[in-house]
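In: Any chance you can model this:
(one chain, ligands or ions: 1)
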Amino acid sequence: MRFCGRFRLLLLPQLAVVVVLFAQAGAAASPVGAYSTITPEGIGAHIAEIQGPRSGTGDEANRAKLNEVAAYIQDSLAADGLMVSEDPVTFAGRTFPNIVGTLTGTTCPEKTLIVGAHYDGVSASPAADDDASGVAAVLEVARVLSAQPLQASVDFAAFSFEEAGLVGSRQMAAAAELADRELLGLINFDMIAYTCDEPGCQDYPEGIPPPRPTGDFVAVIGNTASHSLLESFTSASASAVPDLIEFPLEVAGNGETLLDVRRADHAPFWDHGYQALFVTDTADLRNPNYHLPTDELGTLNLQFAADTANAAAATVVEALTADANGDGRADVCGDVTVGGSAESPQPESSVESGTDESSTPDAVFLAILAAAGVAVLAAAGAWFAVRRGSR
Ligand SMILES: [Zn+2]
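Out: Next up is the predicted model:
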């Protein structure tokens with residue numbers, strides 16, 4: 001039995017990562033195109049207002065800036081006509097609220113999809129990519145979607161004290177479960193505006209050989225339970241923003257064996273049983289300015305951030321308007337989850353091939369992970385055989 005335990009331990013980290021692939025072409029006409037109006041200028045204008053040292057555990061100047069940013073977020077959401085609410089979050093004797101702007105659903109307002117990002121930063125950094133870029137995306141998605149309410153509700157959330165240990169998001173996720181809230185999921189932006197073009201500029205978590213040398217893709221990471229939301233993102237993104245290169249990545253369980261994928265505000269939502277996506281430029285695996293004084297607006301790729309925000313806006317619209325039986329009532333207002341299925345999600349295991357899928361980062365990433373998995377299985381098998389033989 002102990003061997004069995006060792007065997008599983010040895011395998012789990014490698015098997016924890018499953019890349020999910022979806023066909024990128026042939027998406028039907030959808031209403032999402034109408035929402036693809038987020039521009040680099042719009043994203044940049046928000047980041048210019050938000051950037052600056054603003055740690056909730058920092059000095060007085062940091063805390064004053066954080067209060068200013070909180071007010072800016074509230075004003076922006078209110079200007080869109082959303083119902084704005086605050087929930088105080090206290091850490092180390094300081095209180096900064098989670099801020100939520102609600103776009104109330106017209107058919108099933110009790111069901112809510114959250115679009116979120118954290119508005120605090122680390123004290124020594126302007127924190128433009130981390131995570132003014134994410135907040136800018138939240139505000140822009142709120143602006144474009146607020147013009148036309150959907151059948152279910154959307155909460156646009158700014159989390160506090162992320163850098164202190166996901167404090168605000170933990171509070172929100174725990175409160176949601178306690179209140180039995182019908183959350184359809186969370187789309188969480190954390191660092192979505194840095195790209196790099198020099199081969200080798202993109203790093204990967206230990207054990208994963210680089211499938212793509214350049215950092216020009218957005219990683220969209222879900223856990224097993226978030227399969228259908230991840231599928232919605234990939235489908236809507238391909239349809240609305242075909243130029244955006246996306247890495248959809250599905251991790252087993254709640255990602256416990258690949259801690260890099262649990263480093264942001266989506267993780268508490270996974271832990272409380274909700275669907276959630278981590279949308280990211282991969283942070284310090286790509287951005288050399290991570291948590292440094294050099295994380296400034298001028299270093300960012302605002303077109304990339306706008307593309308990512310548009311993909312998320314399209315995802316929200318597609319997820320909340322899908323109506324499989326055509327009865328005029330969105331599927332999410334019935335008994336089904338986002339993505340149109342009431343059953344447990346079935347992980348996809350094969351490439352739905354287009355003409356030249358082998359050259360896409362998805363396919364390369366899958367191939368490398370598959371090879372790594374086979375190699376690990378072989379090594380583990382050999383180790384197991386040797387241990388058995390030596391007894
Ligand atoms: Zn962050």
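In: And the one residue in the stretch 251-391 of the chain that gets nearest to the ion, what's its pLDDT?
Out: Nearest residue of the stretch 251-391 of the chain to the ion: Ala264, at 6.0 Å (CB to the ion). For glycine as for every other residue, the C-beta is placed from the backbone atoms N, C-alpha and C. On pLDDT, Ala264 comes in at 96.
In: Which residues of the stretch 101-250 of the chain lie near the ion?
Out: Contact residues, the stretch 101-250 of the chain versus the ion (CB under 5 Å from the ion): 130-131, 190.
In: Let me have those residues in JSON lines, adding neighbour count as columns.
Out: JSON lines is the format used below for these (neighbours: other CB atoms under 10 Å):
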{"residue": "Asp130", "neighbour count": "32"}
{"residue": "Asp131", "neighbour count": "32"}
{"residue": "Asp190", "neighbour count": "23"}
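In: just the residues you listed now: which is nearest Asn289?
Out: Closest approach between those and Asn289, by CB to CB: Asp130, at 8.7 Å.
In: Skipping its backbone neighbours, what lies nearest the closest one in space?
Out: Nearest non-adjacent residue to Asp130, counting by CB to CB, 6 or more residues apart in numbering: Met191, 4.9 Å away.
In: Does the residue positioned nearest the centre of the chain fall in a helix, a strand, or a coil region?
Out: Central residue of the chain (CA atoms, centre = their mean): Phe278, 2.1 Å from the mean position. Put simply, Phe278 is strand when judged by DSSP: H, G, I helix; E, B strand; the rest coil.
In: does it really touch Val218, like I thought?
Out: No: counting by CB atoms under 8 Å, Phe278 stays clear of Val218, with 10.5 Å between them.
In: residue ranges of the helices in this protein, please?
Out: Per DSSP state H, the chain carries helices over the ranges 2-15, 40-50, 60-79, 133-145, 167-178, 227-240, 267-271, 302-321, 361-389.
In: Mind checking if the shortest one is in reach of the ion?
Out: No: when contact is scored as CB under 5 Å from the ion, no part of helix 267-271 falls within range of the ion; the minimum is 11.9 Å.
In: Centre of the chain to that helix, how far?
Out: Here helix 267-271 is found 12 Å from its chain centre; the criterion is CA atoms, centre = their mean, to the nearest Å.
In: what do you get for the fifth one?
Out: Taking the mean C-alpha point of helix 167-178 and that of its whole chain, the gap between them comes to 17 Å (CA atoms, centre = their mean).
In: What are the phi and psi values at the closest residue to Arg94 other than its chain neighbours?
Out: Sequence neighbours aside, Gly56 is the residue nearest to Arg94 in space, at 5.4 Å (criterion: CB to CB, 6+ apart). When read as degrees, to the nearest 10, the backbone of Gly56 gives phi -70, psi -20.
In: ok, and the closest non-adjacent residue to Pro109?
Out: Closest residue to Pro109 apart from its sequence neighbours, by CB to CB, 6+ apart: Ser153 at 5.0 Å.
In: typo on my end, Leu285
Out: Distances taken as CB to CB, 6+ apart put Asp203 closest to Leu285, at 4.3 Å, once the chain neighbours are dropped.
In: and the one you found, how many residues sit next to it?
Out: Taking other CB atoms under 10 Å as the neighbour definition, Asp203 ends up with a count of 13.
In: and what of Arg329?
Out: Per other CB under 10 Å, the neighbour tally for Arg329 reads 13.
In: Quick check: phi and psi on it?
Out: phi -100, psi 120.
In: Tell me where the stretch 251-391 of the chain is predicted with low confidence.
Out: Low-confidence segments of the stretch 251-391 of the chain (pLDDT under 70): 336-337, 339-391.
In: pretty sure the residue nearest to Arg94 contacts Pro97?
Out: No: the pair Gly56 / Pro97 is not scored as a contact, 10.5 Å apart, by CB under 8 Å.
In: and the closest residue to Gly200 other than its chain neighbours, how many neighbours?
Out: Spatial nearest neighbour of Gly200, chain neighbours left out: Pro213 (5.4 Å); criterion: CB to CB, 6+ apart. When neighbours are counted by other CB under 10 Å, Pro213 registers 13.
In: List the contacts of Pro213.
Out: 199-202 (CB atoms under 8 Å, 6 or more residues apart in numbering).
In: What is the nearest of the residues you listed to Gly334?
Out: Lowest distance from Gly334 to those (CB to CB) belongs to Gln202, with 41.4 Å.
In: Report how many residues lie close to that closest one.
Out: Gln202 has 21 nearby residues by other CB under 10 Å.
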